[in-house]
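[1] could you look at this predicted model? Sequence included:
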Amino acid sequence: MSSLGEINFTNIALRRDIKTEKIDREKYKALLKILNLEYDKDLFILAMKVGYFYNLDLDLKGSYGKFPYQSIDLKNKAEMVIISYKKNKDPTKVFDGTTILETCEKYANGGVKKLYELFCESNNGEEIIIENFMKDISSKIK
């Protein structure tokens, strides 16, 4: 059995990048600025978590490589493995790079759309948006 440090992300033939939806490029740019994030990978991880939280695993349409998966740190890879396992419930694929990436890309796709809706399409101020988001989280934890 593989250890976390040995996740086989290299079993993806001819694929080195995390994918996002082409049409979301402008959304990524806007959210990076609003959320004061420097790197696409940071927004990807946040969006993946938001997508998972809201159960928004949306297929990518017209996807393209966004950033190298090697840029993701071990902690975030561990979170990706957990999210993939919780979604797929298949212990044989826990360390399968293809399953992990595809699952997390779908959640990030849904998360980007949710974050964009919250921060860019809402008429509320940032404080109200964050307050409502925290209420959502609190209600689901109870």
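    Yep, it's here.

[2] worst mean pLDDT across the helices and strands of the chain, which element?
    None of the helices or strands of the chain scores lower by mean pLDDT, DSSP states H and E than strand 63-68, at a mean of 76.

[3] direction included, what does that one pair up with?
    strand 17-21 (antiparallel) (DSSP bridges).

[4] before we move on, the earlier item: which residues sit against the helix or strand that the least confident helix or strand of the chain is followed by?
    Next helix or strand after strand 63-68 toward the C-terminus (DSSP states H and E): helix 74-88. For helix 74-88, contacts defined as CB atoms under 8 Å, 6 or more residues apart in numbering pick out 4-5, 7, 41, 45, 48-49, 52, 57, 72, 91, 93-95, 99-101, 103-104, 107. Where you see a C-beta, it was placed from the backbone N, CA and C, and this is true even at glycine.

[5] just the mean pLDDT for the helix or strand following helix 74-88, thanks.
    Elements were assigned by DSSP H and E; along the chain past helix 74-88, the next helix or strand is helix 97-120. Per-residue pLDDT values over helix 97-120 give a mean of 90.

[6] quick one: distance of the helix or strand following helix 97-120 to the chain centre.
    Of the helices and strands lying after helix 97-120 in sequence (DSSP H and E), the nearest is helix 126-141. Its chain's average C-alpha position is 19 Å from that of helix 126-141, according to CA atoms, centre = their mean, to the nearest Å.

[7] for the record, mean pLDDT for helix 126-141?
    The model assigns helix 126-141 a mean pLDDT of 79.

[8] contacts for it?
    Contacts with helix 126-141, where a contact means CB under 8 Å, 6+ apart, come from 34, 53, 118, 119, 122, 124.

[9] ok, stretch 29-39 next?
    Counting by CB under 8 Å, 6+ apart, 40, 43, 46, 47, 67, 71, 112, 115, 116, 119, 120, 126 sit against stretch 29-39.

[10] confirm for me that the first one is in contact with residue 28.
    What that stands for is residue 40. Yes: counting by CB atoms under 8 Å, residue 40 does reach residue 28; the two are 6.2 Å apart.

[11] quick one: contacts for the residue nearest to residue 56 when sequence neighbours are not counted?
    Among residues not flanking residue 56 along the chain, residue 110 sits closest, at 2.6 Å (CB to CB, 6 or more residues apart in numbering). Residues in contact with residue 110 (CB under 8 Å, 6+ apart) are 47, 50, 51, 54, 56, 57, 58.
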